[in-house]
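Peer 1: Below are the sequence and a predicted model; questions follow.
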Amino acid sequence: MTEAEGHITVQDLTMAYGDFVLMRDLTFTINRGDIFIIMGGSGCGKSTMMTILIGLKAPAKGKVLYGDVDFWGSDPPTRDRIIRRAGVMYQSGALWSSMTLAENIALPLELYTDLSPGQIREVVKLKLALVGMAGFEEFYPSEISGGMQKRAGIARAMALDPEVLFFDEPSAGLDPVSARRLDDLILELRESLGTTMVIVTHELASIFAIGSNSVFLDVSKRTMTATGNPNQLLAETRDPNLRLFLTRGEKS
Amino acid sequence: MTARGEMIMEQPSADTLKVILSGDWKLGGELPGADKVQQRLEGRPGVRNLVFDTRELTSWDSGLLTFLMNVGTLCSRQKILLNRDGLPPGAQRLLELALAVPEKTDARQAEARVSFLSNLGNQTVYLFQSAGEMLTFIGDAVFAVQRLLRGKAQYRRSDLGLIMQAVSAQALPIVSLICFLVGLILAFIGAIQLQLFGAQIYVADLVGIAMVRLMAAIMTGIVMAGRTGGAFAAQLGTMQVNQEIDALKTLGISPMEFLVLPRMLALAIMMPLLCLYANIMGILGGMVVGVGMLNIGFMEYYNETAKAIGLWNLGIGIFSGLVFGVIVALAGCMRGMQCGRSASAVGDAATSAVVTAIVGIILSTAVITILCNFLGI
């Protein structure tokens, strides 16, 4: 297996801030083409998990394997090369505020491809059209709504046709209709591009609608307690905490 | 008329206390407190149940709920069973919601008393850590410059142009004002002393040398520390809060090259030019005093200044400007990149950037002065 196959394996991972251990003994696999949900209650370390997967924070212990390459055991240039094959959509969109949407999407293309300015313009147009924002090229992030910023964030994350797309709370702060449209967009992109999607969320509607695989981080036990298809987990789990989470706190 | 809530307590049996609530139990009205219930319970230790009768209650809001919460706490402390059945259904539901999650008593971290020695130790460790961070940042900046020289640095030239404009042309008014006034003040102070000896012509020498060698660079540096260093820290700090810097990192773009390098370059290029301009403004300030008050001729003042300042002084001033520019840029960018992820952290970063830059300017002035003295220039 090579890193090009796009599988990510987390092995015996511990996340910590200083002496404070957030989660330990995390072991799971994200398969190619999965829509993989990292779920759990507030403060369980979902976003921290994502920062470890995308190379922003080192784990206290354990491994993250991209293919069979030990990501955190590699030197920084190798890590950069691996992570350049991933796209990230941050919770706030994190669009560069001093640039237009076109410039936001064009920047990685200018830096990492040999495309001509004309070709870059075409790619930018395509990416924006894919997320339903054709014609917004010259808008600045501050001139569009929160939902649009998220979609533009996805367009930028897709700029280099990544093998894996990471989403941090994609539907946070969106109304139900916009959240549903975003879910549909994620599904559509996975179906049409075959991209592996890793989504950090606690939005149950999204989890059940689009998740094909998942891991549940239990904040009270400080470790993962389940992994698998979310719908299947709901039907089969006997873990009271997971059941409580997946049923929105309903007592069974 | 203010709302008024009434409370009567009865004891239908030896182990039960009935609290009858009537009237308007609304915030801002005259409401009995839970202490009345406590007083009543103190006199009757056999009470094990507490029930409510709210049939005469006309209206209620949070005023009733806070009373009930207090009574609830009282009952749990005295191990009395609180029966909520007699309460209005809405109040029962809200009370259940409020009590659903037990109060977290260990939420606040205890303020541990730290001894003087531990505090001193912690501060020393912190000092070394921040010195290490500063050195790492400077080292990274040097590598970024090296990549720039090799033509490999990733940054947008349009950004460099915009930043150069912001740190130079837009700073001219404030630099003009400050340096003109500094020249004027120096001339005034010098004139008073020099007039005593009839040597007022040397005001031109005093102002010229002071401005060109040191004062123009220092004053411009301090103005730029407040104006531009703070702005850099706030810009990068806000980018940190909005995860824009994370977005750069995950694309494999070095924030040091993309954000810090153009800012450092812009100030390194423009500060010497600003210093030249500040020299002229300072000398003009001195000239206003010399020509206007001391009756020195315009050409006479000009010639005296030209004779006094010399190329070495000019060179030292411009070199100082370059150093101060790099210090302001590094301090602003470093504090911005170290910024936390909250609004107040951005303010702290801006403040810290200005302080760091000013301290850096003064320290480097001392070093440059000692070096010049050592070299005899």
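Peer 2: Thanks, I have the structure now. Numbering: from 1, shown residues only, chains lettered A, B, ... in the order given.
Peer 1: Just the C-alphas of stretch A:47-62, formatted as PDB.
Peer 2: Taking Å, rounded to 0.1, in the frame of the first residue of the first chain, the C-alpha atoms of stretch A:47-62 are listed here in PDB:
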ATOM      1  CA  SER A  47     -11.100  19.300  16.100                       C
ATOM      2  CA  THR A  48      -7.800  18.400  17.800                       C
ATOM      3  CA  MET A  49      -8.000  15.100  16.100                       C
ATOM      4  CA  MET A  50      -8.300  16.900  12.800                       C
ATOM      5  CA  THR A  51      -5.400  19.200  13.500                       C
ATOM      6  CA  ILE A  52      -3.300  16.100  14.200                       C
ATOM      7  CA  LEU A  53      -4.500  14.500  10.900                       C
ATOM      8  CA  ILE A  54      -3.700  17.600   8.900                       C
ATOM      9  CA  GLY A  55      -0.300  18.200  10.400                       C
ATOM     10  CA  LEU A  56      -0.900  21.300  12.600                       C
ATOM     11  CA  LYS A  57      -0.400  19.600  15.900                       C
ATOM     12  CA  ALA A  58       1.700  16.600  16.800                       C
ATOM     13  CA  PRO A  59       0.200  13.700  18.800                       C
ATOM     14  CA  ALA A  60       1.500  13.000  22.300                       C
ATOM     15  CA  LYS A  61       1.900   9.300  21.300                       C
ATOM     16  CA  GLY A  62       1.000   7.000  18.500                       C
END
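Peer 1: per-residue confidence averaged over that stretch?
Peer 2: The pLDDT scores in stretch A:47-62 average 93.
Peer 1: Does chain B have contacts with that stretch?
Peer 2: Yes - judged by CB under 8 Å from any CB of the partner chain, stretch A:47-62 and chain B are in contact via A:Thr51, A:Ile54, A:Gly55, A:Leu56. To be clear about C-beta, it is placed using only N, CA and C from the backbone, and glycine gets the same treatment.
Peer 1: which residue sits closest to B:Arg48, ignoring its sequence neighbours?
Peer 2: Distances taken as CB to CB, 6 or more residues apart in numbering or on different chains place B:Asp15 nearest to B:Arg48, at 4.3 Å, with adjacent residues excluded.
Peer 1: contacting residues for A:Glu203?
Peer 2: A:Glu169, A:Ser171, A:Ala172, A:Ala179 (CB atoms under 8 Å, 6 or more residues apart in numbering or on different chains).
Peer 1: Correct me if wrong: the first one contacts A:Ser206.
Peer 2: The reference is to A:Glu169. No - A:Glu169 is beyond contact range of A:Ser206, at 9.6 Å (criterion: CB atoms under 8 Å).
Peer 1: Give me the more crowded residue out of those two.
Peer 2: More crowded of A:Glu169 and A:Ser206, by other CB atoms under 10 Å in any protein chain shown: A:Ser206, with 24 against 21.
Peer 1: and the more buried one, helix, strand or coil?
Peer 2: helix (DSSP: H, G, I helix; E, B strand; the rest coil).
Peer 1: By residue count, what's the longest helix in the chain?
Peer 2: Picked chain A for this. Ranked by number of residues, the top helix in chain A under DSSP state H is helix A:176-193.
Peer 1: That was the other one, I meant chain B.
Peer 2: Chain B, longest helix under DSSP H: helix B:298-337.
Peer 1: got the buried residues for that one?
Peer 2: Under the neighbour-count criterion of 16 or more other CB atoms under 10 Å in any protein chain shown, helix B:298-337 has B:301-302, B:304-305, B:308-309, B:313, B:316-318, B:320-337 buried.
Peer 1: count of residues packed around the residue nearest to B:Ile253 when sequence neighbours are not counted?
Peer 2: Closest residue to B:Ile253 apart from its sequence neighbours, by CB to CB, 6+ apart: B:Gln154 at 5.6 Å. Residues lying near B:Gln154 (other CB under 10 Å) number 20.
Peer 1: Against which helices or strands is the longest helix of chain A packed?
Peer 2: strand A:35-40, helix A:146-157, strand A:196-200, helix A:204-210 (3 or more CB pairs under 8 Å, 6 or more residues apart in numbering or on different chains; DSSP states H and E).
Peer 1: Next SSE downstream of the first one?
Peer 2: Spelled out, it's strand A:35-40. Counting by DSSP states H and E, the next helix or strand C-terminal to strand A:35-40 is helix A:46-53.
Peer 1: go on, the second one?
Peer 2: Next helix or strand after helix A:146-157 toward the C-terminus (DSSP H and E): strand A:164-168.
Peer 1: From the contact counts, what lies against that following strand?
Peer 2: By 3+ CB pairs under 8 Å, 6+ apart, strand A:164-168 packs against helix A:46-53, strand A:86-89, helix A:146-157, strand A:196-200.
Peer 1: Centre of the chain to the first one, how far?
Peer 2: What it means is helix A:46-53. Mean C-alpha position of helix A:46-53 versus that of the full chain (CA atoms, centre = their mean, to the nearest Å) differs by 9 Å.
Peer 1: try stretch B:191-204
Peer 2: 45 Å.
Peer 1: Stretch A:238-252 too?
Peer 2: 24 Å.
Peer 1: right, quick check: that stretch against chain B, any contact?
Peer 2: No - using CB under 8 Å from any CB, we find that stretch A:238-252 stays clear of chain B, coming within 9.9 Å at best.
Peer 1: Identify all contacting residues around that stretch.
Peer 2: Residues contacting stretch A:238-252 (CB under 8 Å, 6+ apart): A:39-41, A:202, A:204, A:207, A:216, A:218, A:220-221, A:225-226, A:230, A:233-234, A:237.
Peer 1: Of those, grab the buried ones for ChimeraX.
Peer 2: Here is the ChimeraX command that selects the buried residues among these (16+ other CB under 10 Å):
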select /A:39,40,202,204,207,216,218,225,226,230,233,234,237
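Peer 1: Assign a three-state SS to the closest residue to chain A within the stretch 51-200 of chain B, would you?
Peer 2: The nearest approach of the stretch 51-200 of chain B to chain A comes at B:Gln154, 5.6 Å away (CB to the nearest CB). Of the three states, B:Gln154 takes coil under three-state DSSP.
Peer 1: swap in A:Thr27?
Peer 2: Three-state assignment for A:Thr27 (three-state DSSP): strand.
Peer 1: Which residue is the nearest non-sequential neighbour of B:Gly321?
Peer 2: Closest to B:Gly321 by CB to CB, 6+ apart is B:Cys275, at 3.4 Å.
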